[in-house]
Structure formats: structure tokens, C-alpha cells
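A.B. asks: my questions concern the predicted model and sequence given below.
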Amino acid sequence: MPHISVAFCLHNHQPAGNFDHVIEKAYRLAYEPFLDVLARHPEMKVVLHYSGVLLKWLGERRPEALATVRKLVGEGRAELLTGGFYEPILPIIPERDRIGQIQMLTEHIRARLGAEPRGMWLTERVWEPELVGPLKRAGVRYTIVDDSTFARAGVPAEERLGYFTAGGSEGDGIEVFPINGALRHAIPFQEPEAVVEELRRLAGEAHRLALFADDGEKLGEWPGTHERVYEEGWLERLFGLLAENREWVRVMTLSEFMEESPPAGRVELPPGSYSEMMEWSGGSWWNFLERYPESKLMHRKMVRVSEAVAAMEGSEEVAAEARDYLYRGQSNDPYWHGVFGGLYLLHLRAGNYRSLLKAENLARPGRGVEVERVDFDGDGREEVLVSSPRVNCYLHSIGGQIFELDDRRAAWNLLATLARRPEPYHEKGAGGEYDWYPRRALIDHFLREDTTLEGFSACRYGEQGDFVGQPYAVDVDSRGDEVTVRLRREGGVWVGEEFCPVRVAKELVFGGESGEIGVTYRLEQSGETPLSLWFASELNLSLSSGTGKGHYYDLPRGRKPLAHRGSHRAVSEMALADERVGCRLGLRFERPADVWTFPVETLSQGLEGVERVFQGSCVTPHWRVDLRPKRPWTVGFRLSVAAAEAD
């Protein structure tokens, strides 16, 4: 009689830094009811993966769930998978961190759930052959890979019913199970009877295994699934049908199958992931770092911090704390974007930066002002990285802009602002406010006379200069405890039909242990005719929320929320404050400035549909400039980073 084995595997994960009420909702809709149904079907066995973030949350908020899982393990009904503790995309983090993250979760599972994981959940099923060696060194015997990766390796569908030995870049191998795509797409959207019929189609005389593996949130948290899976009894019916057909369907764990059956052969798997990820990424996960420069900068920051943590000397306790923060900052969700939020969610992106900065503070406490010139983002140009005990300020020659500004005491990147860009799910005509340049700070504009706040905020305005995305010359002067960075561009401004040569020079001065940065602009022209110009310096500042108590502008006419849109005349001093973060960024202008403020908001796909997400506050001081031959025009202002105290 034809027969088949089936393994039922769920991957349960919540991003580091996710809101407590979001995790609680997932628990109520998906995690808890699944365990309840499983308890009523003693014949069922499952393979479960819980990311470290979720395990810690369950231990603190729902210890009864962990007690249930531990009982299932003891009864031989549940096999637990390890993985990266904070669910990183393994190929994009250094090898030492891959091993460290896996071993951290393995030890957590061993200590709290009484299990000894043999297999590993591969984050987003992003596979690369170079993972084989590190996984084996981390104690992993097998992992799970999407069947589309096997298909691209030339393995026919009828042979993807078992497991294989996958070769690695070091010549060794690790066992890999292909996920059955038909089951993944059928559960829970087709009727349970159709799932059983698919298993019947796959059954044969040889010992075969069909593996269902997918997100646990799919069974309850996805729209409409809680009602279908639990209230309408879909999962109860499936488990009941599997029990009724036990003569030819055997439910088992992956380790049990490995003990009974040898691998089907050796396979050389190419880099890959599941089909949807391959579509979103354009064929390689790494493309996200090119599509979203903000993701690339966070990734480069992570690699830099990892190197600093690896080089730490002294207390192992402090080093362990730094590693934990580093690992949190490697959580995959804010680095990419698929169907749901990902990097579009400010609280996740900011959370990664906060963890990385806490790790950096421990690894590099900072003494005085330090400056480096390195190719930070891998574009072939040197960036200038200035660090003091209070702030980090990273500058790029393109546009002469600041691309990272950290309040080190608050562990907050004030420039984690995401630019607005079109996405496939945007309806035609919706969300047409798209940016043609990154949302950074000290972006130099020369505006056309008909520019308005509405046009500027929508990125539909006349740019008269050639400074926004063009290279600046960079000089650095370091003397004692003071660092001066000078940026200069010989560009031009269109005045009517004439392109007039104009030089923009800006100087940033860092000194001592204060959180102040002095900024001075100097505009000059080489022509003989006076020029009437409209100059602006744009800053996009990212705090934790645009609304609510404790997130506000201090303006001459009172407080406004950070999502405030307005035009303010003759401003000499203003500030942005976030009491939750504990950060206050002040601006003091030597020449009173007219200032535009508006929120930077993106359209993001969420479980409930497309929604607007606050990304930061754009602050744009601007001045009318009469630029006369051989008479430079200057303006200075000071950026101060200080603590924000709650009222």
C-alpha cells in the first residue's frame, strides 16, 4: 500500500523591539490556540521554532505556553529548532556572529525547554552555500530550505520527498530538507480534505517525507485565518483526518525521519530563498541593500559595530552585554521589505540602531573627539566619521550631507529617516509624494521663486542649483580636542536663463565632550552681477513618533507635535524633543531664518492594508540672499544634542 510520512513545522517569530500589544495579539490569535488544538490531538507530532525574541517574551508574559511546549518535548511530540537568536539573515552578518547567535538560542532552548536542537530554522530561508561550515561549527545537523531552491539546483519535484546532503563552499556538507510548496500554499487556504488528497498523490512505496513548513502567524494572525483555522475548526479537521488515515499517513518529526532513512543524495544548492522573496528582491536578498540605501547604511553600521565588539578586551561580562546588543541590532526585519512593514516601520529600524549604538558605546566608550576617513558605505568614496563621547556625526562627500547623527547617550540615530519611494502595492495616483534624494541633513537647496511649502514637502518644486546630489570636496583639520570638517562645491545656480557659478562652502566644528556642532555656510559667486537667491538647508530628523505626548517642537509661538506642518517666520531658536527617547535637538541661528516643518510619511503595507507611517520631521531653514560680487554671504547655526526631560 502506498504510504507517506508528513512533518508539520511552524516558525514563530516577532521582531526585536516590536510593540507589546502586537505580540500579545499574535499570541492570542495564533500561538495560544495552536497549542490548545495540539493538546487535544495526542497522535500529532510537530516541529516548532520560536525565535529568541519570542521565547523571551513568552517566558516573561506567558510562561504557561513555555510549560506546554516543554511538556510536548518531554512526551516526544515536539521537536524544537534552533536558529539565530534574534533572527538575522545569516549570510549578511559576520561568521563569528552567525555561530554566536545560533549557539545562544541553542543554549536558551536547552536550559528552558529541556530540548537538544539538531535542526535549525533558516531565517527567511535565505540560503547560501557558505553557510554550511558555520552551521556545522555551531552544532547544527540539518536545516530547512525552500523547494524552489532545490528546483533551481535541478532536483525534480518527485524527488523532493526526503532530505539531501548539501555541499558547502568548504567542501563539507549539511543535511537539508526541502519544504513542499504545494502543502505550503494549501495550508490553511484549501479544505483539509484537499490537503489529505495532496498527501495521497505524493504517497509511494518508498519511504517518503512531505514537509509543511511556514510561519506560525499564518495560522491565526493573517487576515481571516483565525476565524477559519480555529473558530470554524479547520485545524481540528485536518488533525482528525490525519489520524483517520494513519494506515498510510505517518506524522513524524524531522529527526525521526533522519534516524530511519538515509539522505537521498548530495545536492549543490545555489543561493536562494522562497519564491516570493526571490520576486521581491529581484533574485537575491542582497539587492535590498542596493534598493534601499537606508538599509545599506544600517548594515554597514552593524558590520562596523561587530568589528568593535569582536576587538573588545577586559571584562567578559561587559563583552557579553555588548554582543547581546549587537545581535539584537542584526534582527532581520528592518533591513528589508516584502508584503509587510519591515524597514518601513520606524520603531523597528530605530530599535536596531538603538541596539547597535548601545553595543558601540560599550565597545568604544570614546575619549575626546575622534575622526576617521573610511569608505563606510562601499561606494568607492571616503566618508568622514566624527565621534565624541556624546555624538557621532557621519558625513558624505555626495551633497556634503550628514547621513548619520547619533545621540550616544540616548542611543538614538537622529537621521534614521526613510525616503519616500514607489512600491508595487501603491495604487496609481496614491502616495505620489516620492523623493528624488535621500532624506539626510544639510541638504543644500537653491529654490525657484514659485516654491511653496506644499510643493517642497511633496518634492514637486523647482531646484535651481546643482548641489543636492553632487560631490563636494572634503578637508578635515584635527587639532587637539577639536575637529573641523570643511565641505566645498564649485557649482552653479540657474537665474532665469543663465547658469551662474556659485560656490557653497560649509564648515562643521566639533569640540570637547559637548553635544554641540557648529555649522557655518559661506556662499560666493564669481560673476559681476548681483544675484538674488533663495537658499535653504534641509534637515530630516527622526524621533520616535510624530504625535502624542512628549514628542514635540519647541517653536517661538509654542509647542507643536513633530508631525506639524507649518511655515514659521524669523526663527532664531527652536528645538525638537522626544521625552520617550530622552533626546532634545536644538537649533540656534545667527541670522533669523524662515523655517518650514512637515512630516515625512511613507505608505506601507500592513496586515490591515496600506497605511501612512511617520518616518521623521523635515526642518528646512531658508534665507533670501543678495549675493554680490566678491562679497561672500555667511550664516551660522548650532546643532545641540541634549537630554529631554519629561514635564
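C.D. replies: Nice, thanks for sending it over.

A.B. asks: the bottom helix or strand of the chain by mean pLDDT?
C.D. replies: Ranked by mean pLDDT, DSSP states H and E, the helix or strand of the chain with the weakest confidence is helix 275-281, at a mean of 90.

A.B. asks: how near is Glu383 to Tyr394?
C.D. replies: Going from Glu383 to Tyr394 by Cβ to Cβ, to the nearest Å gives 6 Å. Where you see a C-beta, it was placed from the backbone N, CA and C, and this is true even at glycine.

A.B. asks: list the residues that contact both of those two?
C.D. replies: Common contacts of Glu383 and Tyr394, defined by Cβ atoms under 8 Å, 6 or more residues apart in numbering, comprise Phe376, Phe403.

A.B. asks: please identify which of these two sits among more neighbours.
C.D. replies: Tyr394 (25 against 20; other Cβ atoms under 10 Å).

A.B. asks: for the more buried one, which three-state class applies?
C.D. replies: strand (DSSP: H, G, I helix; E, B strand; the rest coil).

A.B. asks: can you name the residues that contact it?
C.D. replies: Counted by Cβ under 8 Å, 6+ apart, Tyr394 has contacts Phe376, Glu383, Val384, Leu385, Val386, Ile402, Phe403, Glu404, Leu405.

A.B. asks: kindly indicate which of those lies nearest Gly351.
C.D. replies: For the contacts of Tyr394, the residue nearest Gly351 by Cβ to Cβ is Glu404; the value is 15.9 Å.

A.B. asks: number of nearby residues for the closest one?
C.D. replies: 23.

A.B. asks: before we move on, back to that, from the contacts of Tyr394, which land in strands?
C.D. replies: In strands, judged by DSSP state E, the following of these are found: Glu383, Val384, Leu385, Val386, Ile402, Phe403, Glu404, Leu405.

A.B. asks: in PyMOL, how would I select the buried members of these?
C.D. replies: Buried subset of the ones in strands among the contacts of Tyr394, written as a PyMOL selection, criterion 16 or more other Cβ atoms under 10 Å:
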select buried, resi 383+384+385+386+402+403+404+405
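
A.B. asks: pretty sure Phe614 is in a strand, no?
C.D. replies: Yes. Assessed with three-state DSSP, Phe614 lies in a strand.

A.B. asks: so in terms of bridging, what pairs with it?
C.D. replies: Beta-bridge partners of Phe614, counted by DSSP bridges, are Glu601.

A.B. asks: nearest residue to the middle of this structure?
C.D. replies: Computing the C-alpha centroid of the chain and ranking residues by Cα atoms, centre = their mean puts Pro334 first, at 1.3 Å.

A.B. asks: quick one: pLDDT of that one?
C.D. replies: The score at Pro334 is 95. That number is its pLDDT.

A.B. asks: quick one, phi psi at it?
C.D. replies: For Pro334, the backbone dihedrals are phi -80, psi 0 (criterion: degrees, to the nearest 10).

A.B. asks: could I get the full set of strands for the stretch 351-500 of the chain?
C.D. replies: 370-374, 383-387, 391-396, 401-407, 412-413, 441-446, 473-479, 482-495, 498-511 (DSSP state E, counting those that start in this stretch).

A.B. asks: which strands or helices does the fourth one pack on?
C.D. replies: In terms of contact count using 3 or more Cβ pairs under 8 Å, 6 or more residues apart in numbering; DSSP states H and E, strand 401-407 is assigned the packing partners helix 293-310, strand 391-396, strand 412-413, strand 441-446, strand 633-642.

A.B. asks: quick one: which of the ones you listed is nearest Glu221?
C.D. replies: helix 293-310 (25.0 Å).

A.B. asks: relative to strand 391-396, how tilted is the closest one?
C.D. replies: On the basis of axes from the mean of the first three to the mean of the last three Cα atoms, to 10 degrees, helix 293-310 is oriented at 130 degrees to strand 391-396.

A.B. asks: which strands and helices lie in contact with helix 293-310?
C.D. replies: When contacts are defined as 3+ Cβ pairs under 8 Å, 6+ apart, helix 293-310 sits against helix 95-113, helix 287-291, helix 316-328, helix 346-363, strand 401-407.

A.B. asks: who touches that helix?
C.D. replies: Contacts for helix 293-310 (Cβ under 8 Å, 6+ apart): 92-94, 96-97, 288-290, 319, 322-323, 326, 329-330, 334-336, 343, 349, 352-353, 356, 359-360, 362-364, 376-378, 403-404, 416-419, 438.

A.B. asks: buried residues of that helix, list them for me.
C.D. replies: 293-302, 304-306, 309-310.

A.B. asks: just name the closest of those to Asp466, please.
C.D. replies: Closest approach between the buried residues of helix 293-310 and Asp466, by Cβ to Cβ: Pro293, at 20.4 Å.

A.B. asks: pull out the buried positions in the least confident helix or strand of the chain.
C.D. replies: Neighbour-count burial for helix 275-281, counted by 16+ other Cβ under 10 Å, picks out Ser275, Met277, Met278, Trp280, Ser281.

A.B. asks: and what of stretch 51-58?
C.D. replies: Those would be Ser51, Gly52, Val53, Leu54, Leu55, Lys56, Trp57, Leu58, for stretch 51-58 by 16+ other Cβ under 10 Å.

A.B. asks: pull the contacting residues for the first one.
C.D. replies: The reference is to Ser51. Per Cβ under 8 Å, 6+ apart, neighbours of Ser51: Asn12, His13, Gln14, Gly83, Gly84, Phe85, Tyr86, Glu87, Leu105.

A.B. asks: next, Val619: secondary structure please.
C.D. replies: strand.

A.B. asks: can you pull the contacts of it?
C.D. replies: Val619 makes contacts with Glu538, Leu539, Asn540, Leu541, Met574, Leu576, Leu587, Val595, Trp596, Thr597, as judged by Cβ under 8 Å, 6+ apart.

A.B. asks: between the residues you listed, which sits nearest Glu175?
C.D. replies: Of the contacts of Val619, the one sitting nearest to Glu175 (Cβ to Cβ) turns out to be Asn540, at 48.0 Å.
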